[in-house]
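>>> heads up, no residue letters with this:
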């Protein structure tokens, strides 16, 4: 079977992953409207292609927070990569490094931060953080990440409680016994995520600031009001995200929300996006609307499910080729 | 089978209820466009979710006409509960009381008002009234309800004649011989409902006012013009309703009509809504658009069909959990 | 099988008519977009239902060009009724008279005008005219109709050539040998309709005017510009029509075109409509938008196909009941 | 099987062509959204039909760049006609001449320009040009075309690189060994088209101008900005085209882009269109929006696949009849 576009990887993963793992990765909240809207919204955005521009030399490299990456697509934080491939996040780290892009490692990794670092020394990585009821636990994670050379701290803000993902409830989803959320000290009860602190507010940005010298990127912003608040609270970046449609159903598609966030921010901090990227032309649209870089979630997992780090590289390479071609064709 | 969301109850009821009963509950007028629009309209309304607000403590209680209920979802008046569960409206009354919410008992109950009252003493209940050609009969019903401690009188205005529900006609729908519309003195011919008075006008509100000290809530309002008239005629509440799409097909969805009614009323009386509520986030949308409380019709019947009062409590509990989660995730 | 709504008759006709006849009646031009739009357009029009109006007495009679009919639905001109029922247009005439409404007999009837008149003496009938290359033939038809007591002359303007109906071409549609277009003197080649004159213009209205004292109703108008021209040329009525979507595909739905025609005409002549009427509420919508009366085409043929004049009466009676109910429920 | 409309030819070609050839002709870029939008966009454009205009005599001839054609539909440049019919472009040339219309021969023909010319001497033909990395090769082609009596030079601008057509990649599409891109000197690697020059700019129009006295028509323009540039660079005509949706997916449908191009050009040069023409009424819509003539791509190939030059004539004749009928019915 030729792997020509990202949906080929999706079809492969759906076929070969255990149903409980596929369902977990595919899940959206409630009726999955926002999950699907993330994709549909791109179809409504039309290019105005320009002709006869010299597109023989195109530079698709970019910088995020000052560090160069080979093209404006990174790996979004998603949990439990061992569900997709035995080596889990270690493979993800290797693929991201090989493709010279940024990997945002999730708190809910099935490898430790140390294992991830050791797997691909020198790769560009950010660490995604939830704030737990135990602030000491969160503080320890931040300091471990900083010590290990992670170069950014991504604070997820849209999970005061876990969204309602019907299939996970029906499946009684939990990790198989041989997998652990290794970054946390004890076994972790997934479906409740009862360790997360629903009382966090904007002031907790200051607390986080006091713990680390790393740039703070805030993830989950969908409105201009929150974008303004984020800038005022001193973050270095914003990821427009609705958690892949897994949290609040029937909010906006991320590419739609991007427009108002970019307008509010007015270049004061970098704005990124995740959600719904399935083709190189989606990347181009997001960039044309003001994103500095996009991140892929589920497609990265499909790549892992296909062939581990090699499969993820295939996914990234396809996106890269498609992105470059779209740029050329759009002039 | 896990009951995870309201459509699980719907699927159950469709599978296990006699076809004639399922068809009666599911029926919409004519092509059922308005019935379906009630649901689709919610999908078109998008949240603007806000982040980093302390959502650790949320109070979802509300008051309707001064009485506290545990969350802003009550039971809309629907007929013939014995078609769904042997104990009929007695089970409904018990479930509503157990969940500390309001139950609007229908004139066309298959239990008497006295049985309903006795089944769940002290529960918050309103009585739904049609005005019959025999005003004496209607008067007697009002006075019985008031004497039994019902705390509100809901006047249905959208049934001068019964809507055309094709499946009911094809099925020759009528109550099985062992069920009766017990609140009315003689057997009751359903499909014609020829006892209802099509000549009632706004002046009949004054007549109703003269019969009772109970607050009058008017049900079936869909326009700002009628909302204004309702306020001027001294009602205490308005239920924006299209009778679940069972009367005039191709009028507005209730959540769409809600906007203009709320704007016209300007807080002078409380505004409620029924029709199309299927998820906790639907409740939140209706409240965000100005409803004080919503009422569920068909989902309550599905709960009854599943396990009587226990099933109805399950339905209410799911809505409550989803509503609370939506509030947290929307900030 | 219970005949509850018009689509029941449609299903019956589709099942029992010879395919070549069903295809001929069902045909639309090209991709049939306009044929289907005629129906879909009604779904986009929403009522604003009003409550608590005395609807115990409703008068649904109306007058068209001064003559009372029992309700505002007549029979549009369609050809070849013997394809649907052996007695053909004689049955149509009887049903229309029994229901006290107007029947517009087509030039392309399979009964003579004399037979139609004799079948239902005293019924209100208009005669539909195409202008043929032989003006003498047309003149003769007009004079026969007037002499027989037809009370209006309906000039069809949208058939300079016959629309392209793919199924008719595939089927090689032509009348069975035992049927004739009896009003014309010789056999008639249907698919070419080469006898019609494509050179007619507005001046031919004056010619027609000179032939008869009957009121002239112009059929096929879809724009305000043509509506204005029609009024200026002295017609007595306008039928907004796109020939059931059988002529030019991808023009407007008739109920959409009605709005601009009514506005242009400003009450100077009566405006009617045909196309897409399938429910009583469609009739109410057309009247609310300014039509004085509507005419049904295919549904009349389905009624004939079901049970001849009795079946057509059933269709009319259902529309009448639905129309009355819609009026009551819309207030 | 009766060939009544263009989709009959499409069905035939899909059934009888080898899958690899059908896929190549049918292919769109990426998700094929633009390919399909080209067609759907016509459905959204509605006629305003006018009545009672003398349509007995209609002249559907037109002139393009001063030369008369029998009706405003020509043959767009498409590659590899031998995949559809053994005689390839020779048949195309014969059919175009027989129907007295314009055929734009593609650089990627499977017959030489000389063979095409000899097949139908005196026919109106334009030559479609890609600019290759080897300018000498391009120059030679231009001069051959001019010498052979081609009357226009169509410069394709939307292929700096070939669009991503998934099925062609899956099929490993390449020409069968016995077919050659004969106009180019060596064998030609289709999927890469690596001979094309992605560095061309507007200045290359001047270079082209210096090579030939033929009028230059620029193909692939989709925006008013590029239309203005085209006029300023002295072209004689513009073909609004998105390469049948085969290059950049999710740009505009051509009939939508036509509007802004026509407005920008203001009659200074002739504007044509290709993409999505499937019915005579589509032609009429494009002309009503300002196109001087349209060109058909895939439908011409379906005609060839059906019966070579005879099949293509059938396609053109159907379009001609439908176009004439649409004009008559639209008044």
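Nice, thanks for sending it over. Bear in mind the structure is a predicted one, so any value in this text is a computation, not a measurement.

>>> can I assume residue A:104 sits in a strand?
Yes - judged by DSSP: H, G, I helix; E, B strand; the rest coil, residue A:104 forms part of a strand.

>>> hey, what's it bridged with?
According to DSSP bridges, the partner residues bridging residue A:104 are residue A:126.

>>> ok, it - contacts?
Residue A:104 makes contact with A:74, A:75, A:76, A:77, A:125, A:126, A:127, A:128, A:152, A:154, A:295 under the criterion CB atoms under 8 Å, 6 or more residues apart in numbering or on different chains. Any C-beta I mention is one placed from the backbone N, CA and C, and that applies to glycine too.

>>> same question for residue A:61.
Counting by CB under 8 Å, 6+ apart, residue A:61 touches A:68, A:69, A:70, A:71.

>>> among those residues, which one has the most neighbours?
residue A:71 (22 neighbours; other CB atoms under 10 Å in any protein chain shown).

>>> check the gap between that one and chain B for me.
Residue A:71 sits 29 Å away from chain B when distances are taken as CB to the nearest CB, to the nearest Å.

>>> from the contacts of residue A:61, which is closest to residue D:223?
Comparing these against residue D:223 with CB to CB places residue A:71 closest, at 26.0 Å.

>>> how much space between that closest one and chain C?
Between residue A:71 and chain C the distance, using CB to the nearest CB, works out to 44 Å.

>>> tell me the SS of the closest residue to that residue other than its chain neighbours?
Setting aside the residues directly before and after it, residue A:71 is nearest to residue A:60 in space (CB to CB, 6 or more residues apart in numbering or on different chains), at 4.5 Å. Three-state assignment for residue A:60 (three-state DSSP): coil.

>>> for residue A:60, grab phi and psi.
Listed backbone geometry of residue A:60 is phi -100, psi 10, with angles given as degrees, to the nearest 10.

>>> now do the one 3 residues further on
Residue A:63 adopts backbone torsions of phi -120, psi 140, taken as degrees, to the nearest 10.

>>> just residue A:68 next, same as before
Backbone dihedrals for residue A:68, given as degrees, to the nearest 10, come out at phi -80, psi 140.

>>> kindly report the same for residue A:220.
According to degrees, to the nearest 10, the main-chain angles of residue A:220 amount to phi 120, psi 10.

>>> that one: neighbour count?
Residue crowding around residue A:220 was assessed by other CB under 10 Å; the count is 24.

>>> residues contacting it?
Going by CB under 8 Å, 6+ apart, residue A:220 touches A:156, A:157, A:158, A:159, A:239, A:241, A:242, A:243, A:247, B:51.

>>> and of the residues you listed, the nearest to chain C?
Minimum separation from chain C among the contacts of residue A:220 (CB to the nearest CB) is found for residue A:242, which lies at 31.0 Å.

>>> surely that closest one touches residue A:159?
No - between residue A:242 and residue A:159 no contact is recorded; they are 11.3 Å apart, counting by CB atoms under 8 Å.

>>> out of these two, which sits in the more crowded spot?
It is residue A:242, of residue A:242 and residue A:159, that has more neighbours when counted by other CB under 10 Å, with 32 against 20.

>>> distance of the more buried one relative to residue C:159?
Distance, residue A:242 to residue C:159, using CB to CB, to the nearest Å: 55 Å.

>>> relative to its centre, which residue of chain A is most distant?
In chain A, the greatest distance from the average C-alpha position (CA atoms, centre = their mean) is reached by residue A:52, at 35.6 Å.

>>> please verify my assumption that that one contacts residue D:157.
Yes - if you go by CB under 8 Å, residue A:52 and residue D:157 touch, sitting 5.3 Å apart.

>>> pLDDT weak spots in the stretch 101-250 of chain A?
Across the stretch 101-250 of chain A, the ranges flagged by pLDDT under 70 are A:185-194.

>>> which non-adjacent residue is nearest the closest residue to chain D within the stretch 201-331 of chain A?
Across the stretch 201-331 of chain A, the shortest distance to chain D (CB to the nearest CB) belongs to residue A:329, at 3.8 Å. Excluding the flanking residues, the one nearest residue A:329 by CB to CB, 6+ apart is residue D:248, at 3.8 Å.

>>> wait, a helix at residue A:219?
No - Residue A:219 is assigned strand when assessed by three-state DSSP, not a helix.

>>> and the residue nearest to it when sequence neighbours are not counted, how many neighbours does it have?
Nearest non-adjacent residue to residue A:219, counting by CB to CB, 6+ apart: residue A:239, 4.0 Å away. Around residue A:239 sit 31 other residues, with neighbours defined as other CB under 10 Å.

>>> residues in the stretch 201-331 of chain A within reach of chain D, list them.
Counting by CB under 8 Å from any CB of the partner chain, the residues of the stretch 201-331 of chain A lying close to chain D are A:279, A:281, A:322, A:325, A:326, A:328, A:329, A:330.

>>> whoops, the stretch 51-200 of chain A was the one
A:51, A:52, A:53, A:54, A:55, A:56, A:57.

>>> what about those residues, which are in strands?
Using DSSP state E to define strands, no part of those is located there.

>>> and which of these is nearest residue C:82?
Nearest to residue C:82 out of these is residue A:51 (CB to CB; 61.2 Å).

>>> for chain B, what is the nearest residue in the stretch 201-331 of chain A?
For the stretch 201-331 of chain A, the residue closest to chain B is residue A:248, as judged by CB to the nearest CB, at 3.8 Å.

>>> now do the contacts for that residue.
When contacts are counted by CB under 8 Å, 6+ apart, residue A:248 is found next to A:29, A:34, A:158, A:163, A:242, B:47, B:49, B:281, B:326, B:329, B:330.

>>> farthest-apart pair in these, please.
The farthest-apart pair in the contacts of residue A:248, when distances are taken by CB to CB, is A:158 and B:281, at 14.7 Å.

>>> for those two, indicate the residue with more neighbours.
Between residue A:158 and residue B:281, counted using other CB under 10 Å, residue B:281 has the larger neighbour count: 28 against 21.

>>> that one contacts residue A:30, correct?
Yes - Residue B:281 is within contact range of residue A:30, at 6.7 Å (criterion: CB under 8 Å).

>>> so residue A:291 touches residue A:240, yeah?
Yes - with the criterion set as CB under 8 Å, residue A:291 and residue A:240 qualify as a contacting pair; they are 7.5 Å apart.

>>> overlap in contacts, the two.
Each of A:258, A:271, A:272, A:273 lies in contact with both residue A:291 and residue A:240 under the rule CB under 8 Å, 6+ apart.

>>> list the helices and strands the helix or strand the last one falls within packs on?
Read it as residue A:273. Secondary structure assignment for residue A:273, by DSSP states H and E: strand A:270-274. Helices and strands touching strand A:270-274, as assessed by 3 or more CB pairs under 8 Å, 6 or more residues apart in numbering or on different chains; DSSP states H and E, comprise strand A:237-240, helix A:254-265, strand A:293-296.

>>> chain center to the next helix or strand after that strand, what's the gap?
Scanning forward in sequence from strand A:270-274, with DSSP H and E defining helices and strands, the next element found is helix A:280-288. The chain centre lies 16 Å from the centre of helix A:280-288; the measure is CA atoms, centre = their mean, to the nearest Å.
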